[in-house]
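Asks: Below: sequence and its predicted model.
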Amino acid sequence: MIKLNKVSQAFLSSNRSNVLAKSICATALLSLIALPATSQETADAPAAGDDTEVIQVKGIRGTIQDSIAIKKLSTSIVDGLSADDIGELPALSIGEALETLTGASSHREQGGATEISIRGLGPFLGSTVFNGREAANGSGDRSVNFSQFPSELFNKIEIYKTQEASLIEGGVSGQISLGTMKPLDYGKRRFQVQAKANWNPAEGDIENSARDFGTRFTASYVDQFETENFGEIGFSIGGQKRSNTNPEQEARTTSGWRDCRIDPNGAEGLYDDGDDCDDGGINNQIDPVTGVSPDAGVPYLFVPSSYSYRQNTSDDSRDSIFGAIQWRPNESFELNVDAEYAERLFSEKRNDLVFASSRRVDDPTVDREGQLPVDLVITDGGSLVSGTYRQRIETLSTYLERLEEYKGGGVSFAYDVNDVLTITGDLSVSETERREGLYHTRLQSEPNDILGNPVPGAADGGYINTAVEIGQNGSLIPLMTIRNFDVTNPNNFADSARTRVDQNQFRNNKITAFRTDFEYLTDSDVFSSVKGGLRFSKLEFDSNPRTRDTFTNDDDSVMYEAIARCQDSQFPESGFLTSVTGGQPLITNVDDNGSVISQGTGNAYASFDPLCLATAVIGSAPVIPEPRPSVANVEVEEETTAAYIQADYDTEIGDYALRGNFGVRYVNTDVVSRSLRGALITVLNSEGAISNIVEDTSVDLYEVAGGSSYTEILPSVNAVLDLDDDLLLRGAIYRALSRPSPSDMGFGRSFSGLSDDSEDPATIEAAIGTATANGNPNIQPFTSWNADVAIEWYPNDDTLLAFGTYYKSFEGGFENNSTTETFIVDGQPLDTLVTVQETTEDTSTIYGVEMTATHAFNYLPSFWQNFGVKLSYNWADSDFEVEDANFGASTVIDNSTGESVERIGLVAPAEIFGFSDTVISGQFYYQEGDFNAQLIYKYRSEYFQQYISTPGNLRYVDDTAVIEARVSYKLNKNLKLSVEAINIFDEPKRQFIPSRENFGEINVYGPRIYAGFVYKL
């Protein structure tokens, strides 16, 4: 077991208007870029019958040539990158490398590429294999965090966009295949050292940062031996040690949003010196008598519980190692052993300024004392543009530490029984463990500061008159105005000192698998080979919910000393969020007359050392708690048996060569989910009727198990028709599946009880219908029928012009529905309905086009012949819909009757998770001799990004365009220098919750610059 160490609308519309222009430009370039090559023979390819020596092209041009060759020679629709030498893939991580392939795009976290979407479809619709094996992850879903794996440890990556029966199931959108080197196949001895220094300009603005410069050191060694008695033996070993920082500035809201009812006949729902709008939501359940909801047409406002700013100081250490042994005792047998290990230790110090009580939006018809002169402005869709509040202002000082460890590897063999029959086998294990702990201390505003002096702007309870304006005057974030409260004065935050110590994440994911395959070479004029095989796999996933210890300290003398000792002498980061404020201050402090007070106006606020402050509140250093039994525990076992048969063919139809494969894959999966539940007891009112149902905390939790099984048949056909020597027509039809995330298959159920203003339930069953489910072990896989057609032109080694279309018909969608489950109530079992997320039998479709153009201008005069380009474009459309769990249309249980009722949606549904309708990438390069330069452009349109813990809550990531650059020069055969830059123009990541126009979060990362060398022997 691993344990932690202690220790607005304006910019929205303008961004979207660029999509069509970019699409038109990309399409025009695709059609024009290869035209001059129609009669041009590549400079490096000899004419027929010529004995001229063939010059092998290296550098970026050579890598792109290899990419073209991978696509041309494949029988499926494939895009890939390869490198003769390990460590030569032109990217900093596998995520960045994958983004250069047509239709691949990433989700960014902490400035780097993480989850990869294929053709704009979410990562849960794809699959990833390392050396042909499934990879575990620590996120609770089936995506892979590619930033965990450096590109230097791989020498080949491919994306299979159509399926073959021989491929492991799980890729509706495609399968990403990563490969490491086989030492005997490499065929030569080589020692390589690579070192890079990393500079993040934004880190220079942080006082006492973890490190001024990051480092990245990689070494590898490959060798082969031929022995007299044991045949050939080859081995390779490599590793990387990486230390860097991930500067990030944030403005954010909470994920827990409410709809605030605005009654045109009164102030219900808005704050009027009474309750906030938690008690004034829209009733959008359809009345079965009238057929409409009671609040149809009533205006509303979406509100979070808080707005906040967050400054981060981080330290990120990653260690990776791999090794492989390849043994070939004779020409008939080969044994391979390989292993990979990666460990990441990430720590972060956070300073938050929190404007809490953000559901206390002022009623504009009530003239409250001290209210700021800012109008309440709301869009038609319920998004706040400006408004006023009475809020508590808080500081939150946090230290977070995450440890993630990946271990994978296996043993495989290949045995040539004879000249026509080969048998292979593979036993593999892939395991990820993630632990995340944090402690954070909250200090609040109050009427008197820590010295007992009155705080001018603080009323009873420490509430401050505030106003917010979002997206005004070019700003991308909420800007706050405060009346008479200095947020930079640490003494003003004196009330209700509270420290929480959390085991925030505790997840284990392990995949054990064995497969055996055969390949039989036929002497048929049509079929070149027949393949078949069996595979058995077992996925084990367990996750504990947050475990929390809470401490408070109301001793003014203790906290006075702590605030004096633990406060930062100055705000940790200069220029905080200035790149997205439009030149305006984050916080404006004004007096009673509305005049600006310089003290407390700006982009800084009081900050503290989190360990120092937490130790003061607790009385000792914080200790991360161990996991505890909980109804939110998830423990899932998924066992899969798969078998396939596939025929490869290579024949002719008239004057045209035809090749490809067809086959069928059988998949049977059994799921068992174990969770804990608590016994329930009924609460009666004074008349002896049921008023509530709650968990009986006097008895221990008991274990329950649920699950399901399913069987799927997945046929596939791939065909390649050579229309000419350089013109190919491809087609594929296949059925594919994607499984639900392990974290979505929990069987725990929790009860918060009915609220005080709820109607008494008519039956026990109706009360139990208020249960919150943490998953559904009976959820079925997501399947689709798919068709692809593509035409590809290869006039020379440097040129590719490809156009493809694809169509996917999904069998199923996701919706909240009711299922019958058994509970122990008052000591007796009772069957009743519970609302869970299910896969429906609805159908939906996605169709799209993708284009690739690659060309080197080696026929142009002078230095122009050294330029080249690769452009890719993907566009798709879909009728898939995902409804928001809180504000979307759905079927829910009426807690007063226990019956299912329909609910009207307040927000429009999202597309399928991860779906971007437009993905564009461009590589523009210059290569002269041993000098290489690249400029890379990556664009991804808006998409819905799920939360792991609450996947039904809608969160949109806005359009993103990122520019990268790389330059390298090979001094001699041993030494190469390089400089690389990511996110050159500081593109932020913008998020919207729960609708496309409602501000949710913005993350500013800044550019990242790397410089280093590679030395080979």
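Replies: Okay, I see it.
Asks: Touching, N544 and S630? I think so.
Replies: Yes - under the criterion of Cβ atoms under 8 Å, N544 makes contact with S630 at 6.8 Å. Every C-beta, even on glycine, is put in place using the N, C-alpha and C of the backbone.
Asks: and for those two, which residues touch both?
Replies: Common neighbours of N544 and S630, counting by Cβ atoms under 8 Å, 6 or more residues apart in numbering, are absent.
Asks: all helices for this protein, in order.
Replies: Using DSSP state H, the helices of the chain run over 9-16, 18-32, 59-73, 94-99, 183-186, 556-566, 610-618, 764-768.
Asks: now the third one: how far from the chain's centre is it?
Replies: So that's helix 59-73. With Cα atoms, centre = their mean, to the nearest Å as the basis, helix 59-73 stands 29 Å off its chain's centre.
Asks: If you count neighbours, what's buried in it?
Replies: Neighbour-count burial for helix 59-73 flags 59-68, 70-72 (criterion: 16 or more other Cβ atoms under 10 Å).
Asks: list the helices and strands it packs on?
Replies: Counting contacts by 3 or more Cβ pairs under 8 Å, 6 or more residues apart in numbering; DSSP states H and E, helix 59-73 packs against strand 78-82, strand 782-796, strand 799-811, strand 843-856, strand 867-878, strand 918-928, strand 931-940.
Asks: Any idea which of those strands gets closest to F485?
Replies: The closest of these to F485 is strand 931-940. By Cβ to Cβ, the value is 40.4 Å.
Asks: Buried ones in the closest one, by neighbour count?
Replies: Buried-residue list, strand 931-940, by 16+ other Cβ under 10 Å: N932, A933, Q934, L935, I936, Y937, K938, Y939, R940.
Asks: In its sheet, which strands sit next to that strand, and in what direction?
Replies: Strands adjacent to strand 931-940 in the sheet, as given by DSSP bridges, are strand 918-928 (antiparallel), strand 960-970 (antiparallel).
Asks: what mean pLDDT does stretch 485-501 have?
Replies: Stretch 485-501 carries an average pLDDT of 93.
Asks: how far does that stretch sit from the chain's center?
Replies: Centroid separation between stretch 485-501 and its chain, computed with Cα atoms, centre = their mean, is 34 Å.
Asks: how long is that stretch end to end?
Replies: End-to-end span of stretch 485-501 (Cα to Cα, to the nearest Å): 29 Å.
Asks: next one: stretch 413-425
Replies: End-to-end distance (Cα to Cα), stretch 413-425: 5 Å.
Asks: mind checking how far it is from the chain centre?
Replies: 40 Å.
Asks: who wins for proximity to S686 among the helices and strands packed on helix 59-73?
Replies: Closest approach to S686 among the helices and strands packed on helix 59-73 is made by strand 782-796 (50.1 Å; Cβ to Cβ).
Asks: Quick one: mean pLDDT for the closest one?
Replies: Mean pLDDT, computed over strand 782-796, is 94.
Asks: If you count contacts, what does that strand end up packed against?
Replies: helix 59-73, strand 727-738, strand 799-811.
Asks: I'd like these laid out as CSV, including mean pLDDT.
Replies: Below are these laid out as CSV (pLDDT from 0 to 100):
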stretch, mean pLDDT
helix 59-73, 88
strand 727-738, 95
strand 799-811, 93
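Asks: which ones are touching V634?
Replies: 541-543, 673, 675, 742-743, 745-748, 774-775.
Asks: Okay, and which of these map to strands?
Replies: The strands, defined by DSSP state E, take in F541, D542, S543, S673, S675, M745, G746, F747, G748, N774, G775 from these.
Asks: want to try a markdown table for these, with distance to V144 and neighbour count as columns?
Replies: What follows is the ones in strands among the contacts of V634, written out as a markdown table (distance: Cβ to Cβ, whole Å; neighbours: other Cβ atoms under 10 Å):
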| residue | distance to V144 | neighbour count |
| --- | --- | --- |
| F541 | 15 | 23 |
| D542 | 19 | 17 |
| S543 | 17 | 25 |
| S673 | 23 | 25 |
| S675 | 26 | 24 |
| M745 | 19 | 27 |
| G746 | 22 | 26 |
| F747 | 26 | 28 |
| G748 | 26 | 24 |
| N774 | 24 | 23 |
| G775 | 21 | 26 |
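Asks: So among these, where is pLDDT lowest?
Replies: Among the ones in strands among the contacts of V634, pLDDT bottoms out at N774, giving 77.
Asks: separation between the residue nearest to T162 when sequence neighbours are not counted and F541?
Replies: In this structure, T162 finds its nearest non-sequential neighbour in A732, 3.8 Å apart by Cβ to Cβ, 6 or more residues apart in numbering. A732 is 32 Å from F541, where distance means Cβ to Cβ, to the nearest Å.
Asks: Please tabulate the helices and strands packed on strand 782-796 in JSON lines, including the columns distance to Q240.
Replies: As requested, the helices and strands packed on strand 782-796 are exported to JSON lines (distance: least, Cβ to Cβ, whole Å):
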{"stretch": "helix 59-73", "distance to Q240": "20"}
{"stretch": "strand 727-738", "distance to Q240": "31"}
{"stretch": "strand 799-811", "distance to Q240": "32"}
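Asks: quick one: which of these is nearest Q472?
Replies: Closest approach to Q472 among the helices and strands packed on strand 782-796 (Cβ to Cβ): strand 799-811, 41.1 Å.
Asks: Output that closest one as CSV, restricted to C-alpha atoms.
Replies: Extracted in CSV, the C-alpha atoms of strand 799-811 (Å, rounded to 0.1, in the frame of the first residue of the first chain):
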residue,chain,number,x,y,z
THR,A,799,3.1,13.6,-50.5
LEU,A,800,-0.3,12.4,-49.2
LEU,A,801,-3.7,13.7,-50.0
ALA,A,802,-6.5,11.7,-48.2
PHE,A,803,-10.2,12.3,-47.8
GLY,A,804,-12.4,10.1,-45.7
THR,A,805,-15.9,9.9,-44.4
TYR,A,806,-17.3,7.9,-41.5
TYR,A,807,-20.7,7.0,-40.0
LYS,A,808,-21.5,5.6,-36.6
SER,A,809,-24.9,4.4,-35.5
PHE,A,810,-24.9,4.1,-31.7
GLU,A,811,-27.1,1.5,-30.1
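Asks: Show me what it pairs with in its sheet, parallel or antiparallel.
Replies: If you go by DSSP bridges, strand 799-811 pairs up with strand 782-796 (antiparallel), strand 843-856 (antiparallel).
Asks: Dump those to CSV, plus distance to A908.
Replies: As requested, the strands paired with strand 799-811 are arranged in CSV below (distance: least, Cβ to Cβ, whole Å):
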stretch, distance to A908
strand 782-796, 22
strand 843-856, 15
